[in-house]
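Colleague: coordinates only, sequence not included:
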């Protein structure tokens, strides 16, 4: 008899070329805890017992297979890719939900001193030529030097206009580094592209065939179904993405557990004193004056819901699934801050509640002092107060009087873009760095 300890093993993923058809290299997932996964997609249909002389005569059920909804669950901290220039695994996961991802390249600030806090002239066009793409700029005017995520509100040749101002103008020949930026922009009318679904593989130390460590499961036709509310807490907190995935098929197989091979690096992001929250009047032209505000916490809901599209009888459906569709909801962010009677911040929430509900620009960025550790950012360039979550003041719990309000994101309108397949029209952007020191 062979037995082994539970809860240890490794968990892998790779892309699919078509629904249920895995392709390419496998990479380990750096999950916070062992993932929650189903171990079968097989179901049993009860067989009727009506008409039997003996009521205890129970006919055997009939087996069939059908996909599992949201039953693959795991959480990840924010990490950059292991290899320079590559994308972290979260970008593959977001693509599987129907989001689009674009990854910039690196360059330097032009040697001419013409760049400002809101407009950067580059030595080369580092982007894909579209608004709504993030990069990192080094700030050499602080010690230690700091790498700050920035979002482009427009791009003209090699000139990049920022969504909001930097605290310092970039130095001539300062480095500009890569980021991968994801947003709910869709060129497929929100169908999850047929070549962006995923396979997962769970390798355990159980024995399936001939040795400990060969009990494994393959999960095919998988997509990200939801992400829990993403909370950014105080200094020292660890932002974590808790995700659920659909799958079409589960198969148990003998596969010897292999050595780890990670897509993501070991260092992860921890909120530190370089974290920046900005709240100001929105402008689709960008170049908003920098106004950093102190918060207690902020929670983002990305608005992701992916539904299974049932279908059978074709050549490409898998266990009753012919594909997936993203039912994207407008993203939201809930901000909690100490009440300071700030007419441009928490006090303004009440003014807007009774007034015009002015559109606001919001970003939350975590710079890094070393590109070996990830930098990241979330931008909602055009948000306003949302119904059923109006501003409130809590004066009796905790140590301080606090205010809370929830904002809903609308299209950014960068470059006057409004269509669903244009990056400048996205209501939210999420970016993670991709280069090392």
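Modeller: Looks like it arrived, so ask away. Given the structure is predicted, the values throughout are model-derived calculations rather than measurements. Numbers count the residues shown, from 1 in each chain.
Colleague: List the contacts of the closest residue to residue 210 other than its chain neighbours.
Modeller: Closest residue to residue 210 apart from its sequence neighbours, by CB to CB, 6 or more residues apart in numbering: residue 254 at 7.5 Å. All C-beta atoms are positioned from the backbone trio N, CA, C, and that covers glycine. Residues in contact with residue 254 (CB atoms under 8 Å, 6 or more residues apart in numbering) are 208-210, 214-216.
Colleague: cutoff 10 Å now
Modeller: If you count contacts by CB atoms under 10 Å, 6 or more residues apart in numbering, residue 254 has them with 207-211, 214-216.
Colleague: Any of these buried? List them.
Modeller: Buried subset of these (neighbour count, 16 or more other CB atoms under 10 Å): 207-208, 214-216.
Colleague: What about those residues, which are in strands?
Modeller: Of these, the ones assigned to strands by DSSP state E are 215-216.
Colleague: Closest to residue 226 out of the buried ones among the contacts of residue 254?
Modeller: residue 216 (25.9 Å; CB to CB).
Colleague: ok, residue 68 to residue 431 distance?
Modeller: For residue 68, the distance to residue 431 equals 31 Å [CB to CB, to the nearest Å].
Colleague: what do you get for residue 281?
Modeller: 23 Å.
Colleague: And the two? Which one has more around it.
Modeller: residue 431 (30 against 13; other CB atoms under 10 Å).
Colleague: And the pLDDT at that one?
Modeller: For residue 431, the pLDDT comes out at 98.
Colleague: helices or strands up against the helix or strand encompassing it?
Modeller: If you go by DSSP states H and E, residue 431 is part of strand 429-433. On a contact count with 3 or more CB pairs under 10 Å, 6 or more residues apart in numbering; DSSP states H and E, strand 429-433 meets helix 89-95, strand 100-103, strand 134-139, strand 146-156, strand 179-183, strand 360-366, strand 376-385.
Colleague: Quick check: neighbours of the fifth one in the sheet, parallel or antiparallel?
Modeller: Meaning strand 179-183. Using DSSP bridges, strand 179-183 pairs in its sheet with strand 100-103 (antiparallel), strand 429-433 (antiparallel).
Colleague: Those strands into TSV, with extra columns for distance to residue 141?
Modeller: As requested, the strands paired with strand 179-183 are arranged in TSV below (distance: least, CB to CB, whole Å):
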stretch	distance to residue 141
strand 100-103	27
strand 429-433	20
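Colleague: Of the ones you listed, which is nearest residue 289?
Modeller: Using CB to CB, the nearest of the strands paired with strand 179-183 to residue 289 is strand 429-433, at 19.8 Å.
Colleague: That closest one vs strand 376-385, what angle?
Modeller: 170 degrees (axes from the mean of the first three to the mean of the last three CA atoms, to 10 degrees).
Colleague: Next, give me the two most distant ones among the contacts of residue 254.
Modeller: Spanning the widest gap among the contacts of residue 254 are 210 and 216, at 13.2 Å by CB to CB.
Colleague: so what's in contact with these two at the same time?
Modeller: Both residue 210 and residue 216 are contacted by 254, 256, under the criterion CB under 10 Å, 6+ apart.
Colleague: wait, doesn't residue 370 sit right on residue 265?
Modeller: No: the criterion here is CB atoms under 10 Å, and residue 370 misses it with residue 265 at 11.5 Å.
Colleague: Looking at these two now, which is surrounded by more residues?
Modeller: The neighbour comparison of residue 370 against residue 265 (other CB under 10 Å) goes to residue 265, with 17 against 14.
Colleague: and the strands paired with strand 179-183, which is most packed in?
Modeller: strand 429-433 (a mean of 29; mean count of other CB atoms under 10 Å).
Colleague: I'd like to know which helix or strand in the chain has the lowest mean pLDDT.
Modeller: When the helices and strands of the chain are scored by mean pLDDT, DSSP states H and E, strand 107-108 comes last with a mean of 84.
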